[in-house]
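Provide a 3D model corresponding to the input given below.
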Amino acid sequence: MAVRPILIIPDARLRAIAEPVEEINDEITTLVKDMFDTMYAAPGIGLAAPQVGVLKRVVVIDLAKEDESPDPIVMINPEVIEFGDETVVTEEGCLSIPDLYYEVERPADIKVRYMDQDGKVVERKASDRLAICMQHEIDHLDGVLYIDYLSRLKRDRVIKKFDKAAKRATAN
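As a prediction, the model looks like this:
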């Protein structure tokens, strides 16, 4: 399929709330394939449609390491329906905020409901790395970035850095 450009902050589309997918048609199928191509090329472990400029509630994830078989997950209209009581602090990064990694605290266990690519409703429990990745990507669908979980000072520093880079890029 195609590798699409990944939006970088401060692109306003990253702060928009994505629309639910009404039907799984050729457009959505192509989007999913392109998102996997884009995510693998980046390389990354998760990607939400708003990151490629499409304001639809679609997420792709693959946590397989390079020496493992791919294990792709497609989540359409995902929602977290249950959070576990325990939290975990892990280092997160984001393809839309390149080369920066910060520790973020999130629930360690969740239960999500979504449609798969065939339109089947799935309820799935996730923990550890998968739970963190799912929360990170679902946040994207609501215009939330992982830096929003940082202290105001750290978040403002990140935003200022990318604002300056964007201004330099448009000045050239």
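
tally of neighbours for the closest residue to Ile97 other than its chain neighbours?
Nearest residue to Ile97, sequence neighbours excluded (CB to CB, 6 or more residues apart in numbering): Ile9, at 5.6 Å. Heads up, the C-betas are built off the backbone N, CA and C, glycines and all. The local packing of Ile9 (other CB atoms under 10 Å) involves 21 other residues.

wait, Ile9 touches Asp148, no?
No - between Ile9 and Asp148 there is no contact under CB atoms under 8 Å: 11.1 Å.

would you mind measuring from the residue nearest to Ile97 to Leu153?
Taking CB to CB, to the nearest Å as the measure, Ile9 and Leu153 are separated by 17 Å.

dihedrals phi and psi, the residue nearest to Ile97?
phi -60, psi 140 (degrees, to the nearest 10).

give me every residue that touches it.
The neighbours of Ile9, taking CB atoms under 8 Å, 6 or more residues apart in numbering as the test, are 96-97, 145, 158-159, 162.

can you list which of these are found in strands?
Members of the contacts of Ile9 lying in strands (criterion: DSSP state E): Ile97.

helices along the chain, start to end?
Taking DSSP state H as the test, the helices found in the chain are 26-41, 128-141, 152-171.

bridge partners for the closest residue to Phe83 other than its chain neighbours, pull those for me.
Nearest in space to Phe83, with sequence neighbours left out and distances taken as CB to CB, 6+ apart, is Pro107 at 4.3 Å. Each beta-bridge partner of Pro107 is listed here, defined by DSSP bridges: Thr87.

roughly how far does Pro107 sit from Ile132?
Shown here: Pro107 relative to Ile132, a distance of 9 Å by CB to CB.
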